[in-house]
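Asks: Need a 3D model of the sequence below.
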Amino acid sequence: MAATLDRDTKSDRLEVRLTPAARALLAQAAQLRHTSLTEFVLSSAVREAEEVVAMPKVLLANAAAWAHLGELLDAPPDLDPDVVARVRRILAK
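Replies: Down below sits the predicted model:
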């Protein structure tokens, strides 16, 4: 997705209010990355946004929770036949 964002024509603007200390820190980081302040802030924000958007698609679980999920998926609960019939009728429409 980031590659698509880089190729798009940049026509929108975003203004940010920040403290002098925050600006200095961002400027220092941009300089260390050999990029402009704007590009550093934009790429950092886009990268963070992509992670946030992707997060609901990623399941994080410890070993016990993962094993429990596997058990639930291997043995789904019995479904009420009336509910199943109603859902099938709805989906058939």
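
Asks: Relative to residue 47, how far out is the most centrally placed residue in the chain?
Replies: With distances taken as CA atoms, centre = their mean, the residue of the chain nearest its centroid is residue 53 (2.0 Å). Per CB to CB, to the nearest Å, residue 53 is found 11 Å from residue 47. Glycine gets a C-beta too; all of them are placed from N, C-alpha and C.

Asks: Could you do residue 78 as well?
Replies: 45 Å.

Asks: what do you get for residue 71?
Replies: 36 Å.

Asks: again with residue 16
Replies: 16 Å.

Asks: re earlier: which helix or strand contains the residue nearest to the centre of the chain?
Replies: Assessed by DSSP states H and E, residue 53 sits inside helix 37-54.

Asks: which parts of that helix are buried?
Replies: Neighbour counts using 16 or more other CB atoms under 10 Å place 40, 41, 42, 43 of helix 37-54 among the buried residues.

Asks: wait, isn't the second one in contact with residue 26?
Replies: Yes - with contact defined as CB atoms under 8 Å, residue 41 counts as touching residue 26 (6.1 Å).

Asks: Now do the SS call for residue 18.
Replies: Of the three states, residue 18 takes coil under DSSP: H, G, I helix; E, B strand; the rest coil.

Asks: tell me the pLDDT at it?
Replies: Confidence at residue 18, expressed as pLDDT, is 96.

Asks: Could you pull up phi and psi at residue 59?
Replies: phi -100, psi 120 (degrees, to the nearest 10).

Asks: Could I get the full set of helices for this structure?
Replies: According to DSSP state H, the chain carries its helices in the segments 2-7, 20-32, 37-54, 63-74, 81-92.

Asks: Off-centre distance for the fourth one?
Replies: So the one you mean is helix 63-74. Counting by CA atoms, centre = their mean, to the nearest Å, helix 63-74 is centred 24 Å from the centre of its parent chain.
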